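Trainee: sequence and predicted structure are below.
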Amino acid sequence: MFSQSLLRLAPRTARAPIRIDDPPRDLSARTVIKGRSGIREVTIRDHKIISDGGLGFAGYDLGPGSPEILLAGLSSCVGHVYLIIAATMDIPLTSLEIDAKGSLDLRGLQPGSDLPPPKVEGIHYDVYLSSTAPAADIEKLHAHVEKSRDSLKMAKSKAKQTKTFLKKGKLEDQIKNRHKARAFKQKVQGRKVQRNKNGRKPIEVKEDVDEADLDVEQKDESDSESELDVDAVLGGEGVEEDEEEDEGSDLEDDDLEGLDDDEDGPISNEQHMADLKKLAEKDPEFYKYLQENDAELLGFGEDGAATAEDEDEDDEDDSEEDSDVEMEEAKSKKGKGKEVEKEIPVLTKEMLRGWQKTLLETKSIRTLTKLLLAFRSAASSGANETGEGQSYDIQSPAVFQKLITTTLKYTPVVLSHTVPFKENNGKYKLATSSKQYATAQRIIKSYFVSLQALLNSVSSSSGIPALAVSESAKLIPYVVGNRKVARGWLKMLLNLFDTAADEVRVAAFLALRKLAVASDHSVRESVIKGVYSTVLASARQTSLYTLPSLTLMKNAASELFLLPGKAEGELAYQLTFGYIRALAILLRKGVKEGSKDAFKAVYNWQFVHAIDFWATVLSASNDKEHVAQHGPSPLEQMLYPLIQVALGAIRLVPTARYYPLRFHLIRSLLRIVQRTGTFIPLASPLFEILDSPDLTKRSKSASLKPLDLEYYIRCPANYLKTRVYADGLAEELVYLLTDYYASLSTSIAFPELALPAIVSLKRHAKKTSNPKLGSQVKVLVEKIEANAKWIEERREKIEFAPNKRDQVNRFLQGEEVAKTPLGGYLRLQKKIRDQKRATLEKAAQGDAEDL
């Protein structure tokens, strides 16, 4: 129902004159079918509508269907006609509702059906309105609307146009033209990526795959599809840009001319002290910085007012000097033809200290402009050796460092005073129609252009990038309103998140998360996609030195898919669905084609880390404690597809050389088992390794170093069928079996789950040729039997039947796994494993230093 005030506004706005010579209005709507989910994104001017089919009709019910949108358009049109005619008749409306209905028979789509093709039939609508006008006027209004409306006729004539379009054979030509345009666009984009140094190139798997291991029959190139671009399929395309922003999308600097203060004259000393008190409450971090580095700035006396007066005098002197120089230039040009060059002033500590005092006391935009001009000179000093275009000459490294710190620290303080904002759960609200906001946008543009130049010229070890990221994050209230600045800053943060040191990487992620929470749907989607593509790009190769940083990036990026809020949850589901579906596409291609390239698209580090990343996301969102407090997560439905993809990848190439990859995928699935309580049959792929000839037959001896399987997905050729590789497999196998059954050690069904494992392990302990493996298996059998007995003792005390699922789920709820017999054994094995890994890593680092 509409309020009376809103409906009374509609007739007034509808009184705009419609002239008889006005040309017809062109209408258009564009629909883009998303490749991963199949949803239809309809764009009408600046508005977007998501359309999708039902769950049983080639869709996932992510939005209204096309027939429903048709009814919505018809009902909206009828309502619009009522408003227009009511305005012309001066009839006030206090409420207006249109309820449109129709039917759709889909049986005509079935093969061999004699029924006509589906169409929306029986369209009718009911109008509910209330008004203070007499009943006779209301009847006239209905009559005029019935006479004037053409809503249903529009749909009918449009259908005739579509049939004519199909009969003339233009649909096929239109589709071909669109395919050609898309192929040309992809070709141009590929050339841009090759030229761009920071572009994401398609994955290049350097490891050769033995044809004997893959056991495939090579096919002709004409029969196979084109080479897979794994980056594009997995979602590593990076930050998407609007077509309108393809050219000139880089940030453009602002000359900052004409910026001045709205208020004239200095403030009183009492007012200044009150501002400092508010500053200590609002921004304690900045106030603490002033106490530690510039304590004298907090102790202004009567000289505070004089500072602003001196500043104004300096500005007047500068302007006079500028005019004198211009006059001299004009004279010289008329006379001797010589140009008089203006000398660039040298920035000193005294000048910088004066700016600091003025900014802290008066929050002067004029002084901030000078500071930003000096900041621009400092940022471009590395790339501009001639000094052309610089406003200040910075000769001292100490002044350079102080200038950078002052700009980064003081800019957010001044802007928050000039354009104040309110925060609510990470969202910001501020006045965007004021002159001060326009000034702030110019300052923001210049600030981030200089910041980009600065970050390109300094190293992460200098401490400047970490400070720059943390301080620039305070400007997010002003960044979210400028899409171009937001995208430019997003690219800077993603570059730091990818290449910088861990301290800067953490600061960049915190800024990215803050930007995602504060921004609208479009920028938030760009942030999440950009972070995910950055993780995938860093996951191409994994080594002793890159794995810790990569683990940090995966754990951080997973938090973006767990943001609270309904809109955030829906976006996370859509993206998760698309990315996991991309993994399934690669796996299906490998199973279906059986070619070397198809296998390489699955058996690589990017695919393995993608599985591990989504296991991290889904295990965190569906954690047992989290679900108990907040209810089921919308990502719960993605557990089954991810598990099936991982299990399918495990068995894609079941050879001994890819057992390390199998261990990686099993560890990822184990995380889901431990945190969500979901049962995954992981014992079977582990027992397959136990049955393999590598562990049942005697291996050849070799003088090779122990192989840390954490950093391999494919066994090196010289390690195959050696005792070193067999010992590594046995150790990892026993540990994963222990970890898997320990995760089930508090289950009421543990004795039944453990029985097949006990029988199989005892049989393998007898026939194995590896004595070390045999002893480890015997100990594991003892611990599993002890844990089964421990569960049986507690089952004897229960008084409910197995059909009482709620009580079954609460069995030993809250019991720590470490206190079970199998959990205690696992804790001891973890300590031994960590000590051995530390020794191997130390040895590997020593070898690298020797090289």
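Mentor: Structure received. Numbers count the residues shown, from 1 in each chain.
Trainee: contacting residues around residue 745?
Mentor: Counting by Cβ atoms under 8 Å, 6 or more residues apart in numbering, residue 745 makes contact with 787, 791, 817, 820, 821, 822, 823. No exception for glycine: its C-beta is placed from N, CA and C like everyone else's.
Trainee: take these and keep only those in helices.
Mentor: Applying DSSP state H to these, the entries found in helices are 787, 791, 821, 822, 823.
Trainee: mind listing what the second one touches?
Mentor: Contact partners of residue 791, counting by Cβ under 8 Å, 6+ apart, are 745, 746, 747, 748, 750, 751.
Trainee: try the first one
Mentor: By Cβ under 8 Å, 6+ apart, the contact set of residue 787 is 741, 745, 750, 754, 820, 821, 822.
Trainee: ok, now how distant is the first one from residue 717?
Mentor: Here the distance between residue 741 and residue 717 works out to 34 Å (Cβ to Cβ, to the nearest Å).
Trainee: please enumerate residues in contact with stretch 804-813?
Mentor: In contact with stretch 804-813 (Cβ under 8 Å, 6+ apart) are residues 746, 747, 748, 794, 798, 800, 802.
Trainee: 6 Å instead?
Mentor: Taking contacts as Cβ atoms under 6 Å, 6 or more residues apart in numbering, the residues outside stretch 804-813 that touch it are 746, 748, 800.
Trainee: what residues of that stretch count as buried?
Mentor: For stretch 804-813, the neighbour count (16 or more other Cβ atoms under 10 Å) marks 811, 812 as buried.
Trainee: centre of the chain to it, how far?
Mentor: 38 Å (Cα atoms, centre = their mean, to the nearest Å).
Trainee: also stretch 119-129?
Mentor: That offset, for stretch 119-129, works out to 42 Å (Cα atoms, centre = their mean).
Trainee: got the buried residues for it?
Mentor: So stretch 119-129, judged by 16+ other Cβ under 10 Å, has buried residues 120, 123, 125, 129.
Trainee: now swap in stretch 181-190 and tell me
Mentor: Result for stretch 181-190 [16+ other Cβ under 10 Å]: no buried residues.
Trainee: likewise stretch 709-728?
Mentor: Applying 16+ other Cβ under 10 Å to stretch 709-728 flags 709-715, 719-720, 722-728 as buried.
Trainee: and for stretch 547-563?
Mentor: 549, 550, 553, 554, 556, 557, 558, 559, 560, 561, 563.
Trainee: and the next helix or strand past whichever strand or helix holds the fourth one?
Mentor: Going back to what we said before, that points to residue 554. Assessed by DSSP states H and E, residue 554 sits inside helix 547-558. Going down the chain from helix 547-558, the next helix or strand is helix 566-593, by DSSP H and E.
Trainee: still on that earlier bit, could the contacts of residue 787 go into JSON lines alongside pLDDT and distance to residue 833?
Mentor: Putting the contacts of residue 787 into JSON lines (pLDDT from 0 to 100; distance: Cβ to Cβ, whole Å) gives the following:
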{"residue": "741", "pLDDT": "94", "distance to residue 833": "16"}
{"residue": "745", "pLDDT": "90", "distance to residue 833": "18"}
{"residue": "750", "pLDDT": "91", "distance to residue 833": "23"}
{"residue": "754", "pLDDT": "92", "distance to residue 833": "22"}
{"residue": "820", "pLDDT": "90", "distance to residue 833": "19"}
{"residue": "821", "pLDDT": "90", "distance to residue 833": "19"}
{"residue": "822", "pLDDT": "91", "distance to residue 833": "16"}
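Trainee: for residue 441, state which of those is nearest.
Mentor: residue 745 (59.4 Å; Cβ to Cβ).
Trainee: just give me the closest of the buried residues of stretch 119-129 to residue 603.
Mentor: So of those, ranked by how close each gets to residue 603 (Cβ to Cβ), first place is residue 120, at 49.2 Å.
Trainee: quick check: the closest one vs residue 99, distance?
Mentor: Counting by Cβ to Cβ, the gap from residue 120 to residue 99 is 15 Å.
Trainee: same deal with residue 593?
Mentor: For residue 593, the distance to residue 99 - Cβ to Cβ - is 52 Å.
Trainee: ok, those two, which is more surrounded?
Mentor: Neighbour count, other Cβ atoms under 10 Å: between residue 593 and residue 99, residue 593 has more, with 17 against 11.
Trainee: can you read off the pLDDT for that one?
Mentor: On pLDDT, residue 593 comes in at 90.
Trainee: spatially nearest residue to the residue nearest the centre of the chain (excluding sequence neighbours)?
Mentor: Centre of the chain computed as the mean C-alpha position; nearest residue by Cα atoms, centre = their mean is residue 528, 0.6 Å away. Nearest residue to residue 528, sequence neighbours excluded (Cβ to Cβ, 6 or more residues apart in numbering): residue 560, at 4.9 Å.
Trainee: isn't that neighbour up against residue 526?
Mentor: No - contact criterion Cβ atoms under 6 Å: residue 560 and residue 526 do not qualify, at 11.4 Å.
Trainee: ranges for the helices of the stretch 51-200 of the chain?
Mentor: Listed in chain order, the helices of the stretch 51-200 of the chain (DSSP state H, counting those that start in this stretch) span 66-88, 135-148, 151-167, 170-195.
Trainee: any idea which of those helices scores lowest on pLDDT?
Mentor: helix 151-167 has the lowest average pLDDT among the helices of the stretch 51-200 of the chain, namely a mean of 46.
Trainee: go through the contacts of stretch 804-813 and flag which are in helices.
Mentor: Among those, no member falls in helices (DSSP H).
Trainee: ranking these by neighbours, who comes first?
Mentor: Going by other Cβ under 10 Å, residue 746 tops these with 23 neighbours.
Trainee: test my guess that that one contacts residue 815.
Mentor: Yes - Residue 746 lies in contact with residue 815 (Cβ under 6 Å); the separation is 5.1 Å.
Trainee: I'd like the buried residues of stretch 119-129 laid out as a markdown table, including pLDDT and distance to residue 734.
Mentor: Formatted as a markdown table, the buried residues of stretch 119-129 follow (pLDDT from 0 to 100; distance: Cβ to Cβ, whole Å):
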| residue | pLDDT | distance to residue 734 |
| --- | --- | --- |
| 120 | 79 | 64 |
| 123 | 84 | 69 |
| 125 | 83 | 71 |
| 129 | 84 | 76 |
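Trainee: as TSV, those with distance to residue 626 would be great.
Mentor: TSV is the format used below for the buried residues of stretch 119-129 (distance: Cβ to Cβ, whole Å):
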residue	distance to residue 626
120	44
123	46
125	46
129	48
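Trainee: tell me the one of those residues nearest residue 499?
Mentor: residue 120 (54.6 Å).
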